[in-house]
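Asker: Got a sequence here, can you build the structure:
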Amino acid sequence: MNMPKGTSITFFERERIESFLRMKKKKTWIAKRLGRDYSVIKREIRRNSSPHLPYIAIRAEAYAERRKKNTNKRKLEKWQNEKLKKFVENELLKGHSPEQIAGRLKVAPPKNLSSCADTSISYESIYEYIYRGEGRIGGWYKHLRRKQKRRQPKFSRKPRKETIPERIPICERPAIITKRTRIGDWETDSVIFSKQKSVLSVQYERKMKLCRLKKVPNKTAIESERAIQGHFSRLPRQLRRSITRDNGTENALHGETKQKLSIPSYFCDTYKSWQKGGVENLNGLIREYFPKKCVFDKISQEEVRLVQNKLNNRPRKALNYLTPNEVFARVLEKGH
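Answerer: Numbers count the residues shown, from 1 in each chain. The predicted model follows:
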């Protein structure tokens, strides 16, 4: 039986490793016997032995404890750096995720931190600060997108019947779209609000991570397609190659957009919205500004545009922590 990933090697396992090595057993054999990955056993032996010092369980256990203490000490020293801690907390207040904060700090550290001895920090360390360190006492988890006290696992749903005419399933979508190697492939969705007629039409470019938001009076196919066509009609042809959609009834008139603008649409499998995960992730960010229970009917397009600008000025890991607006500007300069 294989051990769960991330579990540390126990002293009992170290005793067995020592015994197997004395029996001249190979690392692959030991790994299978202990239910561990080969790389785990190889690293364990390499760390705790040398050509002059054989692997001994008691010594390996002592080395492991020393490494653990040193790691915890380094983490503690980082969070004792008041400038670094203040920077992280300020970025959380801006709505940036731990991953974005860590990545941006690596590629573009602020001037007041450039003189610090060690400004590098992992996003997992930031999560640990939020959930286990003094950040938990301060309630910093409330500044994360989902505002959950614990990180929740994903789950799936059962499929439903298809209702879109002349839909092209996502399995027929060109592979180049999935690879995200070109610009011009978009995802679209509609964000709805409780007891509100107005909805938010959302377009998201898969490679640049650029978004376009438009308030529409209702969720009908006519209004939804009008917003989509209004956006794409202003783009050069090379920046509007395809659209990936879900199976909502607001997408029933996708054929009109294909006819007018020559943009093909591809549809996710039912109840598999993760197949257009970019726009679904974006919807989570949008909810920070427009919660489901907000009175969206009273929100102006200018307010929507301000949120759009904020989202497009967030550093993104996939863009090497540049912002979508920065990437889009470069694309326009090159005349892509």
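
Asker: And for Thr10, the neighbour number?
Answerer: 12 (other Cβ atoms under 10 Å). In short, each C-beta sits where N, CA and C put it, glycine included.

Asker: got it, and the one 3 residues further on?
Answerer: Using other Cβ under 10 Å, Glu13 has 21 other residues around it.

Asker: just checking, it is part of a helix?
Answerer: Yes - counting by DSSP: H, G, I helix; E, B strand; the rest coil, Glu13 falls inside a helix.

Asker: Which secondary structure element of this protein has the lowest mean pLDDT?
Answerer: The helix or strand of the chain with the lowest confidence, counting by mean pLDDT, DSSP states H and E, is helix 134-137 at a mean of 64.

Asker: Next SSE downstream of that one?
Answerer: helix 175-179 (DSSP states H and E).

Asker: Packing partners of the helix or strand that that following helix is followed by?
Answerer: Using DSSP H and E, the next helix or strand after helix 175-179 towards the C-terminus is strand 185-191. With contacts taken as 3 or more Cβ pairs under 8 Å, 6 or more residues apart in numbering; DSSP states H and E, strand 185-191 sits against strand 199-205, helix 221-232, strand 242-245, helix 277-289.

Asker: which one of those lies closest to Ser49?
Answerer: helix 277-289 (44.1 Å; Cβ to Cβ).

Asker: what comes up buried for the closest one?
Answerer: Neighbour-count burial for helix 277-289, counted by 16 or more other Cβ atoms under 10 Å, picks out Gly278, Val279, Glu280, Leu282, Asn283, Leu285, Ile286, Arg287, Glu288, Tyr289.

Asker: So of these, which two are at opposite extremes in space?
Answerer: Greatest spacing in these, by Cβ to Cβ: Gly278 and Tyr289 (18.0 Å).

Asker: list the contacts for Ser8?
Answerer: By Cβ atoms under 8 Å, 6 or more residues apart in numbering, the residues touching Ser8 are Ala64.

Asker: any idea how far it is from Val202?
Answerer: 43 Å (Cβ to Cβ, to the nearest Å).

Asker: Same list (the buried residues of helix 277-289) but as a markdown table, adding pLDDT and distance to Ile176.
Answerer: Listed next are the buried residues of helix 277-289 as a markdown table, based on pLDDT from 0 to 100; distance: Cβ to Cβ, whole Å:
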| residue | pLDDT | distance to Ile176 |
| --- | --- | --- |
| Gly278 | 94 | 16 |
| Val279 | 95 | 19 |
| Glu280 | 93 | 21 |
| Leu282 | 94 | 22 |
| Asn283 | 94 | 25 |
| Leu285 | 93 | 26 |
| Ile286 | 95 | 28 |
| Arg287 | 94 | 31 |
| Glu288 | 92 | 32 |
| Tyr289 | 95 | 33 |
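
Asker: and which of those is nearest Trp140?
Answerer: Proximity of those to Trp140 was ranked by Cβ to Cβ; the top entry is Glu288 with 14.8 Å.

Asker: wait, the closest one sits on Gly95?
Answerer: Yes - with contacts counted by Cβ atoms under 8 Å, Glu288 reaches Gly95, the gap being 5.8 Å.

Asker: Could you pull out the residues contacting both of those two?
Answerer: Counting by Cβ under 8 Å, 6+ apart, the common neighbours of Glu288 and Gly95 are Arg145.

Asker: quick one: low-confidence parts of the stretch 1-150 of the chain?
Answerer: In the predicted model, the stretch 1-150 of the chain carries pLDDT under 70 at residues 1-6, 69-80, 114-119, 133-137, 149-150.

Asker: can you rerun that using 50?
Answerer: Filtered on pLDDT under 50, the stretch 1-150 of the chain yields the residue ranges 76.

Asker: dump the residue contacts of the nearest residue to Ile56 once chain neighbours are set aside.
Answerer: Excluding its sequence neighbours, the residue lying closest to Ile56 (Cβ to Cβ, 6 or more residues apart in numbering) is Glu18, at 6.1 Å. Counting by Cβ under 8 Å, 6+ apart, Glu18 makes contact with Tyr55, Ile56, Ala57, Ala60.

Asker: Reformat the helices and strands packed on strand 185-191 as TSV; add distance to Asn81.
Answerer: Rendered in TSV, the data for the helices and strands packed on strand 185-191 read as follows (distance: least, Cβ to Cβ, whole Å):
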stretch	distance to Asn81
strand 199-205	36
helix 221-232	44
strand 242-245	43
helix 277-289	28
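
Asker: nearest to Lys26, of the ones you listed?
Answerer: Smallest distance to Lys26 across these (Cβ to Cβ): 41.7 Å, for helix 277-289.

Asker: between the closest one and strand 199-205, how many degrees?
Answerer: Here the directions of helix 277-289 and strand 199-205 differ by 140 degrees (axes from the mean of the first three to the mean of the last three Cα atoms, to 10 degrees).
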